[in-house]
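Novice: model the following, please.
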Amino acid sequence: MKTLKARKYDKNYRALRKIILMTQPRCFYCKKAVATTLDHEPPLDSFPSPELWDGSLRPSCASCNYSRGAKYGNAKRKAIKNSRKW
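Specialist: Numbering: from 1, shown residues only. Have a look, this model is predicted:
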């Protein structure tokens, strides 16, 4: 898992993250747990570079965010494996 520093999130992102988590304290997906992470919708890797990303940030608990990321990654790997391009 990449850290915030490894993903090159700057201080503006960290300030925005803090504001979003303070104003929306519950998970966007399960509506029960306290939001501790932000989910990028659509995923960051669907754009050529993170600077070009145009989407929304949704507050989410770690469990929901990581499980959604795992499902996305698994589906992406399965699509590549099942394609005829390899």
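
Novice: ok, the nearest residue to Arg68 once chain neighbours are set aside - contacts?
Specialist: Distance criterion Cβ to Cβ, 6 or more residues apart in numbering; nearest residue to Arg68, sequence neighbours excluded, is Asp39 at 6.5 Å. In this view, the C-beta of every residue, glycine as well, is placed from N, C-alpha and C. Contacts for Asp39 were tallied using Cβ atoms under 8 Å, 6 or more residues apart in numbering; they are Phe28, Tyr29, Leu57, Arg58, Pro59, Ser60, Cys64, Asn65, Arg68.

Novice: in this structure the fifth one contacts Ala33, no?
Specialist: No - at 10.2 Å, Pro59 does not count as touching Ala33 under the criterion of Cβ atoms under 8 Å.

Novice: shared neighbours, these two?
Specialist: Counting by Cβ under 8 Å, 6+ apart, the residues touching both Pro59 and Ala33 are Arg26, Cys27.

Novice: give me the more crowded residue out of these two.
Specialist: Pro59 (23 against 15; other Cβ atoms under 10 Å).

Novice: check the secondary structure at the more buried one for me.
Specialist: strand (DSSP: H, G, I helix; E, B strand; the rest coil).

Novice: look at it and report its pLDDT.
Specialist: At Pro59, the predicted lDDT confidence score is 95.

Novice: could you measure the residue nearest to it when sequence neighbours are not counted against Leu21, distance?
Specialist: For Pro59, ignoring the flanking residues on the chain, the nearest one in space by Cβ to Cβ, 6+ apart is Ala35 at 3.4 Å. Ala35 sits at a distance of 6 Å from Leu21 (criterion: Cβ to Cβ, to the nearest Å).

Novice: where exactly do the strands run in the protein?
Specialist: Taking DSSP state E as the test, the strands found in the chain are 37-41, 56-60.

Novice: what's the closest of the ones you listed to Lys76?
Specialist: strand 37-41 (14.6 Å; Cβ to Cβ).

Novice: pull the longest helix from the protein.
Specialist: Of all the segments of type helix in the chain, defined by DSSP state H, the longest one is helix 62-82.

Novice: pull out the buried residues from it.
Specialist: For helix 62-82, burial by neighbour count (16 or more other Cβ atoms under 10 Å) applies to Cys64, Asn65, Arg68.
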